[in-house]
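Visitor: Here is my input, please return the structure:
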Amino acid sequence: MTEQVTPTSSNGVLAQKIREVLAEVVIDKCRLPASKLRERGIPGYVAEWVLDYVVPGEGPLTPEEARTVQEWAVRYIPKADEQNLVRDRLLRGEMVKLLTPLQVDVIVSRRSQGRVGKLTFLDINDAIVSEDLTEHYPELLKGGMWGRVDLLRTGNGVLIADFQPMQAQVDLELWKEARREFTLDEWRSLLLLSMGYAPEAYSAEAQTWLICRLLPLVQKNLCLMELAPKGTGKSYVYQNISPKVRVVSGGNISPAVLFVNNANNVPGILARFSLVVLDEVQKLKFEHPEEIVGTLKGYLANGVIGRGGKNEMASDCSLVLLANILLDEELRPIPNPLVSELPHFLQETAFLDRIGGIIPGWEIPKLTSTSLTQSVGLKTDFFGNILLALRDDLMADHLCDQRIRSAGPDDLERNNKPVRALASGLMKLLFPHGECSDEELYRYCVLPAVRMRQLVWHQLYTLDGEFRQYSPELRYQVVYCADRVPDSVADSRLASDPSPSAAVENGLPSLPLDAEPPTPDVDPFAQRLEVVAAHYPDFAESIAQARGLAATNPESALVHLRKAIEEVIRELYRKRLGKDAWGVSLFDMTRELEDNRDLSDVVIPHVHTVRSLGNVGAHPGDAKVTAHDVEIALQACIRVGEWLSDLPGGVA
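Guide: Numbers count the residues shown, from 1 in each chain. Predicted structure coming up:
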């Protein structure tokens, strides 16, 4: 039976249910403001941990409890102007215990080699770190971790004598079981309460857009943009949910900070965090903007970070761009197109196309005194870890890949992929147990996903005539595909008699459900390969050989595909540019063809995908190469082959 979103349950009844089902990971959100902990410059997930550790309980914080937690904070959480007090204690020979973020950098140079600890709260960048510390907590080498640090002064400097991280244990199976105890309305309210919002202060539509702010946490390599007026709390959740989220507000942004510093090979924030948020992008100062947007296009297309073909590394970090937008008296956006007030280089359509969706933040009310919750919710450190753990739960990804299909005249992968990713993310958030009817999948996952992608598509359609050859409206449907649905969700709720389509909402076109299963004997990939083979038989044969190696030797398959793509690009390079391609790298050939407009923006990301994955296949290092990586490269090669087949005169 389909669950309906109804007005939020009584706060008291829902709060009691949350306590009963999720007792150990629940906290009373009303206690945090009175603690004044946020005034010490710590994020919400740390402040809640302190409250639960020092003065556990529920109900408003009493004056005595507030005094107790403040005394504890003064001792263990120094403010920026209290650095010298801590250093003085170290000079006196004290063992200083602090709750602080710790990051470890590895130095490998001719002059020095070793590990150094960075304690930003104390402005200490060269603390002595033992080898076993990074073995136990490898996250220290990435974005760092919050925890209790024991410091001691020695003759060689400040020593990190001990470290105990803040770690909330997560169990996805228990999380899925907990979901079964709640209605959809109650579960949505739980998500909002855990984010810090009061569900009753928002309409059902506004609640959906608030929940969509969590999508980059549950999906890898997802790029979202939110356009909203000031005061809607665009960055509020991201600043307080997890140490694996990095929010950049103000200052300079350089390629070295974002990607990698080629001078010392230090990875940038996109390689070290799970989510990077660029807040108020209109006010950020971008150094070398052309290089930034060019590298971002490649990264968002293939998940590989690198600058000029150097220091390439894979990353699954998601990206969020937050920007202010002006509204008219009817609270509708004034700019047309919507992105016209962004920095000019971010308005490039090839970059905008890489953005999965735009959250219509103008449909979210501004924060008021009643917007934030005074009830119970999940502890933020636990909630953040659960969301990140859902990234590796592929059940929803597989289901949406198989069941969400274009219903419009244009079946474009550039739209299919983000719509499915957004819908899958919403399914992970709302139905982590995998139990949803066709109508629920359509109404609560597909419709919002299409709306967000449609906003991107409107920008592309408005700004670039190339896109006007396609339909301006996106239409998607849910189809029955029993032989492809994971066993854990292939039950009666996803049976062959789908519910009628939901009513049109949010100005979206109707997306009818289609129960007709695909023909099981047809291999779409083989059909597409035949088309390529008719024009480029050698290229098609190489693709087929690599496909045969995918399961048994994925590394060789990726190398095989890279060589194949290099051959066809070399021929195109020779014919179109009239140059000898001997000794020219695939990266440089692609760049020159792009500069000469002999390689379409649609195809370039696919070429770089195969190139990067081929490099990983040849030099996997610690990376685990799988058949899924080969499938990505195969699809990219087929797309390149199809484009070449349509090219007047070909490359021969």
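
Visitor: excluding its backbone neighbours, what's nearest Met145?
Guide: Nearest residue to Met145, sequence neighbours excluded (CB to CB, 6 or more residues apart in numbering): Pro165, at 4.8 Å. (Each C-beta comes from the backbone N, C-alpha and C, glycine too.)

Visitor: Check the burial of that neighbour by counting its neighbours.
Guide: 15 (other CB atoms under 10 Å).

Visitor: residues in contact with it?
Guide: Going by CB atoms under 8 Å, 6 or more residues apart in numbering, Pro165 touches 137, 139, 145-147.

Visitor: what about 7 Å?
Guide: 137, 145-147 (CB atoms under 7 Å, 6 or more residues apart in numbering).

Visitor: which among these end up buried?
Guide: Those of the contacts of Pro165 that meet the buried threshold are 137, 145-147, by 16 or more other CB atoms under 10 Å.

Visitor: ok, those residues vs Phe273, which is closest?
Guide: Met145 (12.2 Å; CB to CB).

Visitor: what sits up against stretch 584-602?
Guide: With CB under 7 Å, 6+ apart, stretch 584-602 has contacts from 309, 350, 566, 569-570, 572-573, 576-577, 581, 604, 607-608, 611, 643.

Visitor: scratch that, stretch 367-375
Guide: So stretch 367-375 is contacted by 11, 15, 29-30, 193, 196-198, 201, 231-233 (CB under 7 Å, 6+ apart).

Visitor: what's the first-to-last distance across it?
Guide: 17 Å (CA to CA, to the nearest Å).

Visitor: cool, and stretch 176-195?
Guide: 19 Å.

Visitor: buried sites along it?
Guide: Result for stretch 176-195 [16+ other CB under 10 Å]: buried residues 176, 178-179, 182, 184-195.

Visitor: Look up how far Ala73 lies from the residue lying closest to Arg87 once chain neighbours are set aside.
Guide: In space, and not counting its chain neighbours, Arg87 is closest to Leu122: 7.1 Å by CB to CB, 6+ apart. Going from Leu122 to Ala73 by CB to CB, to the nearest Å gives 16 Å.

Visitor: Contacts for the longest strand along the chain, please.
Guide: The longest strand of the chain (DSSP state E) is strand 96-108. Strand 96-108 is contacted by residues 76-78, 86, 89-90, 113-121, 129, 134, 140-141, 144-151, 163, 243 when judged by CB under 7 Å, 6+ apart.

Visitor: Off-centre distance for that strand?
Guide: The chain centre lies 26 Å from the centre of strand 96-108; the measure is CA atoms, centre = their mean, to the nearest Å.

Visitor: Show me what the following helix or strand past it is packed up against.
Guide: For strand 96-108, the following helix or strand on the C-terminal side (DSSP states H and E) is strand 113-119. In terms of contacts (3 or more CB pairs under 7 Å, 6 or more residues apart in numbering; DSSP states H and E), strand 113-119 is packed against strand 96-108, strand 124-128.

Visitor: quick one: which two of the contacts of stretch 584-602 are the most distant?
Guide: Going by CB to CB, the pair spanning the contacts of stretch 584-602 furthest: Ala350 and Ala581, at 24.7 Å.

Visitor: What are the boundaries of the helices in the stretch 551-652 of the chain?
Guide: Taking DSSP state H, counting those that start in this stretch as the test, the helices found in the stretch 551-652 of the chain are 554-577, 586-595, 604-618, 627-645.

Visitor: hmm, I was thinking of the stretch 151-300 of the chain
Guide: Going by DSSP H, counting those that start in this stretch, the stretch 151-300 of the chain shows helices at 172-179, 184-195, 204-212, 215-218, 236-240, 255-258, 269-272, 289-302.

Visitor: Hmm, Pro333 is touching Val339, no?
Guide: No: applying CB atoms under 7 Å, one finds Pro333 not in contact with Val339, separated by 10.4 Å.

Visitor: tell me which residues in stretch 287-306 are buried?
Guide: Of the residues in stretch 287-306, 291-306 count as buried by neighbour count, 16+ other CB under 10 Å.

Visitor: Please save the CA atoms from it in PDB.
Guide: C-alpha atoms of stretch 287-306 as PDB (Å, rounded to 0.1, in the frame of the first residue of the first chain):
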ATOM      1  CA  GLU A 287      42.500  32.200  -9.200                       C
ATOM      2  CA  HIS A 288      43.000  31.000 -12.700                       C
ATOM      3  CA  PRO A 289      39.200  30.500 -13.300                       C
ATOM      4  CA  GLU A 290      39.700  29.000 -16.800                       C
ATOM      5  CA  GLU A 291      41.900  26.200 -15.400                       C
ATOM      6  CA  ILE A 292      39.400  25.600 -12.500                       C
ATOM      7  CA  VAL A 293      36.400  25.200 -14.700                       C
ATOM      8  CA  GLY A 294      38.300  23.100 -17.200                       C
ATOM      9  CA  THR A 295      39.600  20.700 -14.600                       C
ATOM     10  CA  LEU A 296      36.200  20.600 -12.900                       C
ATOM     11  CA  LYS A 297      34.500  19.600 -16.100                       C
ATOM     12  CA  GLY A 298      36.900  16.700 -16.400                       C
ATOM     13  CA  TYR A 299      36.500  15.700 -12.800                       C
ATOM     14  CA  LEU A 300      32.700  15.800 -12.800                       C
ATOM     15  CA  ALA A 301      32.700  13.700 -16.000                       C
ATOM     16  CA  ASN A 302      35.100  10.900 -14.900                       C
ATOM     17  CA  GLY A 303      35.800  11.300 -11.200                       C
ATOM     18  CA  VAL A 304      39.600  11.800 -11.800                       C
ATOM     19  CA  ILE A 305      41.500  14.700 -10.400                       C
ATOM     20  CA  GLY A 306      44.500  16.000 -12.200                       C
END
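
Visitor: Can you list the low-confidence ranges for this structure?
Guide: Along the chain, segments meeting pLDDT under 70 span 1-10, 481-522, 601, 621-623, 649-652.

Visitor: Please report how far Arg453 lies from Leu460.
Guide: 10 Å.

Visitor: before we move on, what about Arg31?
Guide: 47 Å.

Visitor: try Ser340
Guide: In terms of CB to CB, Ser340 sits 13 Å off from Leu460.

Visitor: what does Gln207 give?
Guide: When Gln207 is compared with Leu460 (using CB to CB), they lie 28 Å apart.

Visitor: Also Gly361?
Guide: As judged by CB to CB, Gly361 and Leu460 stand 20 Å apart.

Visitor: Ok, Gln282 next?
Guide: The value you get for Gln282 to Leu460, if CB to CB is used, is 21 Å.

Visitor: and if you look at Ala198?
Guide: Counting by CB to CB - Ala198 and Leu460 are separated by 36 Å.

Visitor: ok, now Leu222?
Guide: Taken as CB to CB, the span from Leu222 to Leu460 is 18 Å.

Visitor: Looking at these two, which one has more neighbours?
Guide: Using other CB under 10 Å as the criterion, Leu222 and Leu460 rank with Leu222 on top: 25 against 22.
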